[in-house]
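Q: Sequence first, then the predicted structure, then my questions.
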Amino acid sequence: MTDRRLPRPDRRQALQALAALPAAAALGLPVAAQAQAWPARPITLVLPFPAGGSFDPIVRALAEAASKDLGQAIVLMHKPGGGGVTGTAGIATMSEADGYTLAVMHNSVIRAPLVQKIAWDPRRDFTYVCRLFELVTGVCVAADAPWRTLPDLIADAKRRPGEISWGNVGAISANRITAERLARQAGVRFNMVPYKGGGEAFTALIGRHLDVYGDPGFGAQVQGGKVRLLATFTAQRMRRYPDVPTVRQYGYDYVIESPVGLVAPKGLDPKIGLRLQEAFRKASQDPVYQTQLELFDMGHGFADGEAYAAYARAQYDREVRMLAEIGFKPE
C-alpha cells in the first residue's frame with residue numbers, strides 16, 4: 001500500500017504553519033472575519049453635558065443610527081462639569097485606545113489649556129474621529145421680556161451697567177468670550193452667568209431668573225413661543241427666521257463658528273478610526289437625526305477626522321488671539 005502521508009519535513013512545516021495561525025483560523029474561521037470583528041462589545045460615548053439639554057436628543061439619535069451600522073450599541077454616558085470640558089478631558093489621559101470609548105468634542109475643550117492649568121493638550125492627546133454638526137448661537141430673551149431687538153437690549157444695558165444678566169454654558173465658552181467682546185464694542189457691561197447646561201439656562205430664562213441667554217439650542221424654545229430670538233451670530237440670516245437680523249447686521253462683526261465632533265483617546269488604530277468615521281458619516285444622513293438638528297437649529301457640517309484635527313489646531317491659535325483681545329488672564 002502506498003503511504004500517502006506527507007514526507008516528514010513537509011509534515012513538520014505544515015504543523016508549524018498551522019500553529020502559527022490565529023486560533024480562530026485553526027478552528028476553520030476565515031482570517032478576514034477576524035479583522036472585521038471590531039466592535040465586539042458596546043461602545044461608550046461620553047457626552048460632557050447634563051441630560052435634558054439640546055445635545056442629548058441630537059447625539060442620542062446619531063448614536064442610535066451609527067449603532068445599526070456598527071452592529072453594537074452605543075451607550076451615552078453623561079459627564080457634565082467644567083463648562084462641558086470635564087467629560088471629554090477624561091479620555092485625554094486614557095491608556096486604552098481601543099475604540100470602545102469616544103467623547104463629544106467642542107471648542108471649549110480646545111480652549112481649555114489657555115484658561116487653566118491642565119495636564120493634557122487637545123492638539124496631541126486625542127484622536128479626532130470626525131466632525132459632526134455646527135452649533136448656531138443666538139441671543140435670546142423670554143417671550144415676555146421688554147426687549148424686542150438687540151439695540152433695545154444694548155440701550156437698556158447702557159442705562160443699567162452690570163444689572164442685566166447674560167447666561168452661557170460654562171465660563172470659558174466661545175459664546176461667553178464673544179458676548180464679552182460684543183459688550184466691549186457696544187460700551188456696555190453685562191452680568192455674565194455660567195450654567196452647566198442649556199436645559200438649566202432655558203428654565204432660568206423662561207422663569208425670568210435670567211435676562212439673556214447667548215448659546216445654541218434655542219430652536220425648540222423659540223418655536224414653542226417661550227423665547228424670543230433677538231439676533232444670531234451667523235454669517236447670514238437663518239432661513240427659518242428671516243425676520244431676525246444677524247449680530248453683524250447690527251454693526252458688530254462677530255460670527256461664531258463652533259463645530260461639534262467626536263474624539264477618541266490618542267493612539268487609536270487608524271482602521272478602527274476609519275470604521276467609526278464611516279459609520280457616523282452614514283448616520284449623519286439618518287432622518288431622525290436630521291430632524292433633531294432642525295428642531296434645535298443646528299447646522300449640518302460633517303467632515304472627516306483629518307479635516308477636524310486641522311480645524312482644532314487652527315482654532316487653538318484663534319483662541320489665543322481672542323483671549324488676548326478681551327484681556328483674559330489664565331488661572
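A: Received, thanks.
Q: can you give me the strands in this protein?
A: Taking DSSP state E as the criterion, the chain carries its strands at 43-47, 74-78, 101-105, 126-135, 138-142, 165-169, 191-195, 212-213, 227-232, 258-265, 299-304.
Q: Switch these over to CSV; also include distance to Val244, mean pLDDT and mean neighbour count.
A: Just so you know, the C-beta spots here come from the backbone N, C-alpha and C atoms, and that holds for glycine as well. Output for these, formatted as CSV (distance: least, CB to CB, whole Å; pLDDT from 0 to 100; neighbours: other CB atoms under 10 Å):
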stretch, distance to Val244, mean pLDDT, mean neighbour count
strand 43-47, 29, 98, 20
strand 74-78, 31, 97, 16
strand 101-105, 28, 97, 24
strand 126-135, 17, 96, 25
strand 138-142, 8, 98, 25
strand 165-169, 18, 95, 24
strand 191-195, 23, 94, 18
strand 212-213, 15, 98, 26
strand 227-232, 5, 98, 22
strand 258-265, 18, 96, 24
strand 299-304, 15, 92, 17
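Q: For Val320, which of these is the nearest?
A: Taking CB to CB, strand 258-265 is the member of the strands of the chain nearest to Val320, at 16.9 Å.
Q: Give me the contacts around the closest one.
A: Strand 258-265 is contacted by residues 45, 55, 88, 91-92, 94-97, 99, 101-107, 125-135, 137, 174-175, 216, 273, 276, 280, 301, 303, 308, 311 when judged by CB atoms under 8 Å, 6 or more residues apart in numbering.
Q: related to what we said a few turns ago, the strands of the chain into TSV, with extra columns for distance to Gln221?
A: Formatted as TSV, the strands of the chain follow (distance: least, CB to CB, whole Å):
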stretch	distance to Gln221
strand 43-47	20
strand 74-78	21
strand 101-105	21
strand 126-135	15
strand 138-142	7
strand 165-169	13
strand 191-195	14
strand 212-213	9
strand 227-232	4
strand 258-265	19
strand 299-304	18
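Q: Tell me which of those sits nearest to Glu180.
A: The nearest among those, by CB to CB, is strand 191-195 at 7.2 Å.
Q: Can you give me the domain boundaries for this protein?
A: Using automatic domain parsing, the domain ranges for the chain come out as 43-135+258-325, 138-250.
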